[in-house]
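>>> Output the structure for:
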Amino acid sequence: MDAVVLAGGYATRLWPITKDRPKMLLPIGETTVIGTILDALEHDSRIDDVYVSTNQKFAPDFEAYLSESGFEKPHLSVEETTAEVEKLGVVGALAQLIDREGLDDDVVIVGGDNLISFDIGEFLDAFEATGEPTLAAYDVGSSERASSYGLIELDSEGRVVDFQEKPGEPRSTLVSIACYALPRRALSLFETYLDDDNNPDEPGWFIKWLQDRETVRGFTFEGAWFDIGTPESYLDAVAWYLDGGSYVAPSADVSEAAGERASSVFVPGSPNPTQGMLVMVPESQTYESDLSVRAAIRLLMTTGMSHSDDVIQLDDTEVGGGAADH
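Prediction:
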């Protein structure tokens, strides 16, 4: 079995922190968003090769990360895009990757911006029990939240019987997350789907199209799931992963020397930005000032606005007496 980890997005909703950094490489404690997924795939003996699908802009970042990670299974697979407007869409990128890499085996596909609490091994067990296309699903428990995602309904046998893509009036709160297992025979269907001029972007539309043609099963789980697409969802994911704790990367420099320059300061905070956890990105620096650094950076992340008293700017950022470049 092969695995594909989707890491080709440009994460514009997370700018400026992801303008020059892929969101899959944002830190989650001592690891990264994508690192949690790669670690699970690395340790499952059923997975032979892992293809990390990304774009030309961020390919060097992933090359550097993978070369230092110690993982043996991942290979970088690069689509020929460099900006948001050139995106192939998730389904389009998958079809291109299948052809480019010559995939010819069962495959598990995971979104590289997912932080999940379930064991991927258990998901693969469920897939192998039937050999039918299988997707992971999580109940968000709220129609308001559900309306932002692809939703499914299952029958008593765990088969998908209905699908809605970001509906105005949700019939379910069960979200299809970006985690799919497909048998080898289904790989050619991506081209068939695209040849019929179907939506190349949202994978949910492919699942709906597939569900109309054959049995698709759902694997439900409890616990936690975070789709890291906004500053708030990222902060929530970090808070859950650290369980209220703190983490400062060993290479980060925390200093009281006001007025010195810092590089790549990035300090996500807790929902209360002046209390709780503190996360420092590797090789970053920050400084003590009258304005809480956590509050300052969180303000920058969530609004991109400047603070009228202690200056915060997107470029050449200055936080109180200390300065930082992004």
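
>>> Now do the same contact list for Ser172.
Neighbouring residues of Ser172 by CB atoms under 8 Å, 6 or more residues apart in numbering: Ala146, Leu151, Ile152, Glu153, Asp162, Gln164. The way it works is simple: take the backbone N, C-alpha and C, and place the C-beta from them, glycine included.

>>> Which of these are buried? Put it as a ChimeraX command.
The buried residues among those can be selected in ChimeraX (16 or more other CB atoms under 10 Å) with this line:
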select :146,151,152,164
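
>>> residues near Glu122, how many?
12 (other CB atoms under 10 Å).

>>> cool, Gly35 as well?
20.

>>> re earlier: farthest-apart pair in the contacts of Ser172, please.
Using CB to CB, these span at most 13.0 Å, a distance reached by Ala146 and Asp162.

>>> picking up where we left off before, among the contacts of Ser172, which are in strands?
If you go by DSSP state E, those have Leu151, Ile152, Glu153, Asp162, Gln164 in strands.

>>> and which of the residues you listed is nearest Gly218?
Among those, and counting by CB to CB, the member closest to Gly218 is Ile152, at 5.9 Å.

>>> circling back: adding distance to Pro170 as columns, could you present the ones in strands among the contacts of Ser172 in JSON lines?
Listed next are the ones in strands among the contacts of Ser172 as JSON lines, based on distance: CB to CB, whole Å:
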{"residue": "Leu151", "distance to Pro170": "6"}
{"residue": "Ile152", "distance to Pro170": "11"}
{"residue": "Glu153", "distance to Pro170": "10"}
{"residue": "Asp162", "distance to Pro170": "11"}
{"residue": "Gln164", "distance to Pro170": "7"}
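
>>> So Gly9 sits against Lys23, correct?
Yes - using CB atoms under 8 Å, Gly9 is in contact with Lys23, at 7.1 Å.

>>> Mutual contacts of these two, please.
Joint contacts of Gly9 and Lys23 (CB under 8 Å, 6+ apart) are Asp113.

>>> Domains in this structure, by residue range?
2-232, 247-325 (automatic domain parsing).

>>> Downstream of the helix or strand hosting Lys208, the next helix or strand is which one?
Here Lys208, judged by DSSP states H and E, is contained in helix 203-211. Where DSSP H and E defines the elements, the next helix or strand beyond helix 203-211 is strand 217-220.
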